[in-house]
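> no sequence on this one, just coordinates:
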């Protein structure tokens, strides 16, 4: 494990150095990503400011859901950026190079094209701190919320990673997976930026079972912010994430056996 | 060292449809066409051998190499490298292998060559002292020094190939798989790569499996040749056996100063003349002779052809590689 961590750091550093060869592109893409995030949140804030609440969720509560998810996504995409871009490796045959090396392939893939999502982290942290301060003042949460929030963010990151990995692994069978990723990763994640209770029942069901991304923020927040259910809801989040990740690893292994490379 | 038993690989692709709405129909079709890229291949390679693995494009050479190195999983059959399976023990086998794909670099595209070597050293857990010794040795043999600090994307093809070779050898593997290591190189670059490969095989005892389309690579390097065509093994033996089996004919086209004399035409009608097979071209002054260089040297052939008149121009054509491979069947 320690060895693998060292390997990851080394490869990630190499990929960062590669990206920095193109200085303009590096800074431009970093800044653009930050701007897009701010705009996205501004929309949510406008809606909330106008109505005061969404289906009984106050501005701070909705902000908390949003911030936690943003941080989870930032962690997932920073640590495992190219898992999301596996399709490119399958189509070009670039996975060959990783398969030749005495390192775990997933680790190799995770360390390619690393980018720090500074914008997302900053914005997520800011919104999270503002919202949590409000919630403190209303007496809705206590100090224990801080370690719980850390757990929620981390298991959310693992959950998003697991969903990404499962979708990417399907690429070994389907080759082209961009559209599928739009649904399982982007659409689902965008959906749970808002309290899931605003959606029709069938869609809530989807977000809790088929693509259980609601466990990244909504489910644990029910307990943490509103005292609904029991602590089980909070525990469910890392458990679901771990199970899904294990399934992802299994499918990944099966998929690798089907890897077809490309002709020369 | 390398054992290959009943190795097969099939690729499945959706069968293309004909006629109206073929695109849409293909979406709903469950027909798959199975392509047998490699079918039931067997061979063993002993330590220290230098084996040429040849065949026309699409014969299954790269597929075999990819199965041997653990990139592709075989549909059936078994590969063992030094007692281990590259599929179940991929990471352990990877340490024993140096692999080079001439068509694609394994260096970090945007980083200086030196950085790529450092990263590889860390991946294989080579300690600093050892790394320094190896690198200075490789750098001397392959003359890497002038472009060690150049990003890989700015290297010439020859420099890139040498760097890739060094990268494949950095962890001192006992076995080398080289997929077209001389492709696209000029004569000098080819020569220096060949020279290097020969010396690591002879002096360091590395086992080498090489695929190529260059007949000179085979002649100068390989003690043994394995021919694959259409996924099946066609020939496995020494290079002398291969030569004997095909009888490599060389084509000599002679242009005489004057139209060909009748005596020559007479020889042509006899069609064979001391190991030379003659035929007339459309041009009156041109004569084409096919000769087996095993039996008749080019100089002797020319001396014989001189009898028919003063020679203005000579053009010699070595047998086409694809032609040779085809002839084996």
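Alright, I've got the coordinates. For clarity, every value in this text was computed on a predicted model and none was experimentally measured.
> For the chain, name the helix or strand with the lowest mean pLDDT.
Going with chain A. Within chain A, no helix or strand scores below strand A:53-54, which has a mean of 76 by mean pLDDT, DSSP states H and E.
> my question was about chain B
Result, chain B / mean pLDDT, DSSP H and E: strand B:272-273, a mean of 57.
> Tell me how many other residues crowd whichever residue of the stretch 201-329 of chain B sits closest to chain A.
Of all residues in the stretch 201-329 of chain B, the one sitting closest to chain A is residue B:211 (9.7 Å; Cβ to the nearest Cβ). Just so you know, the C-beta spots here come from the backbone N, C-alpha and C atoms, and that holds for glycine as well. The tally of other residues near residue B:211 (other Cβ atoms under 10 Å in any protein chain shown) stands at 26.
> my guess is it meets residue B:56, correct?
No. Residue B:211 lies out of contact with residue B:56 (Cβ atoms under 8 Å); the separation is 11.4 Å.
> For the residue of the stretch 101-250 of chain B found nearest chain A, which three-state class applies?
Nearest residue of the stretch 101-250 of chain B to chain A: residue B:110, at 4.0 Å (Cβ to the nearest Cβ). Secondary structure, DSSP: H, G, I helix; E, B strand; the rest coil: residue B:110 is coil.
> Wait, it touches residue A:15, no?
No. Taking contacts as Cβ under 8 Å, residue B:110 lies outside contact range of residue A:15: 9.2 Å.
> who has more neighbours, the two?
Taking neighbours as other Cβ under 10 Å, residue B:110 and residue A:15 compare with residue A:15 leading, 21 against 18.
> Would you pull up the residue in the stretch 101-250 of chain A closest to chain B?
Closest point on the stretch 101-250 of chain A to chain B, by Cβ to the nearest Cβ, is residue A:102, at 4.1 Å.
> Which residues are in contact with that residue?
B:91, B:92, B:94, B:95, B:123, B:124 (Cβ atoms under 8 Å, 6 or more residues apart in numbering or on different chains).
> Same check on residue B:162?
Per Cβ under 8 Å, 6+ apart, neighbours of residue B:162: B:142, B:143, B:144, B:192, B:193.
> near chain B at all, the helix or strand containing residue A:43?
Element membership for residue A:43 (DSSP states H and E) is helix A:23-51. No. Using Cβ under 8 Å from any Cβ of the partner chain, helix A:23-51 never reaches chain B; the gap is at least 11.2 Å.
> Give me the below-cutoff pLDDT ranges for the stretch 151-264 of chain A.
Within the stretch 151-264 of chain A, the ranges that satisfy pLDDT under 70 run A:263-264.
> Please report phi then psi for residue 238.
Using chain A. phi -70, psi -30 (degrees, to the nearest 10).
> look at chain B instead
Dihedral angles for residue B:238 - degrees, to the nearest 10 - are phi -80, psi 160.
> what sits opposite the residue lying closest to it once chain neighbours are set aside in the beta ladder?
Excluding the flanking residues, the one nearest residue B:238 by Cβ to Cβ, 6 or more residues apart in numbering or on different chains is residue B:224, at 5.9 Å. Taking DSSP bridges as the rule, residue B:224 bridges to residue B:51, residue B:238.
> and what of the one 4 residues further on?
Using DSSP bridges, the beta-bridge partners of residue B:228 come out as residue B:233.
> what number of residues lie near it?
25.
> Work out for me the element residue A:158 sits within.
helix A:145-174.
> Actually, residue B:279.
Residue B:279 belongs to strand B:276-280, assigned by DSSP H and E.
> Quick one: name whatever helix or strand follows that strand.
Defined by DSSP H and E, the subsequent element after strand B:276-280 is strand B:286-292.
> any idea how far the helix or strand where residue B:161 lies is from the chain center?
Using DSSP H and E, residue B:161 sits in helix B:157-169. Computed by Cα atoms, centre = their mean, to the nearest Å, the chain-centroid distance of helix B:157-169 equals 17 Å.
> do stretch B:297-307 as well
Centroid separation between stretch B:297-307 and its chain, computed with Cα atoms, centre = their mean, is 32 Å.
> For that stretch, give the mean pLDDT please.
Stretch B:297-307 shows a mean pLDDT of 79.
> buried set for it?
Neighbour-count burial for stretch B:297-307 flags B:301, B:302, B:304, B:305 (criterion: 16 or more other Cβ atoms under 10 Å in any protein chain shown).
> cool, and stretch B:138-148?
Neighbour count says stretch B:138-148 has B:138, B:139, B:141, B:142, B:144, B:147 buried, by 16+ other Cβ under 10 Å.
> which two in those are spaced the farthest apart?
B:141 and B:147 (14.9 Å; Cβ to Cβ).
> For the residue most central in space within chain B, list the residues it contacts.
Against the mean C-alpha coordinate of chain B, by Cα atoms, centre = their mean, the closest residue is residue B:212 at 0.9 Å. By Cβ under 8 Å, 6+ apart, residue B:212 lies in contact with B:52, B:54, B:180, B:181, B:182, B:183, B:218.
> among the residues you listed, which are in reach of chain A?
Filtered for proximity to chain A (Cβ under 8 Å from any Cβ), the contacts of residue B:212 shrink to residue B:180.
> Lowest-confidence member of the contacts of residue B:212, which is it?
When the contacts of residue B:212 are compared, residue B:218 shows the smallest pLDDT, 86.
> Nearest spatial neighbour of that one, chain-adjacent residues omitted?
residue B:52 (4.5 Å).
> Which pair of the contacts of residue B:162 spans the longest distance?
B:144 and B:193 (13.0 Å).
> Surely residue A:142 forms part of a helix?
No. Residue A:142: not assigned to a helix; according to three-state DSSP it is coil.
> number of nearby residues for the nearest residue to it once chain neighbours are set aside?
Leaving aside its chain neighbours, residue A:142 sits nearest to residue A:136 (7.9 Å; criterion: Cβ to Cβ, 6+ apart). Residue A:136 has 14 neighbouring residues, counting by other Cβ under 10 Å.
> One more: residue B:149?
Residue B:149: 10 neighbours (other Cβ under 10 Å).
> just the helices in the chain please.
I went with chain A, as the question did not name one. All helices of chain A, identified by DSSP state H, fall at A:2-20, A:23-51, A:59-79, A:86-92, A:95-99, A:105-110, A:118-137, A:145-174, A:178-181, A:188-191, A:201-208, A:218-226, A:232-258.
> try again with chain B
With DSSP H as the criterion, chain B has helices at B:22-28, B:61-68, B:90-96, B:113-123, B:128-142, B:157-169, B:187-202, B:215-221, B:239-246, B:262-270, B:298-306, B:321-327.
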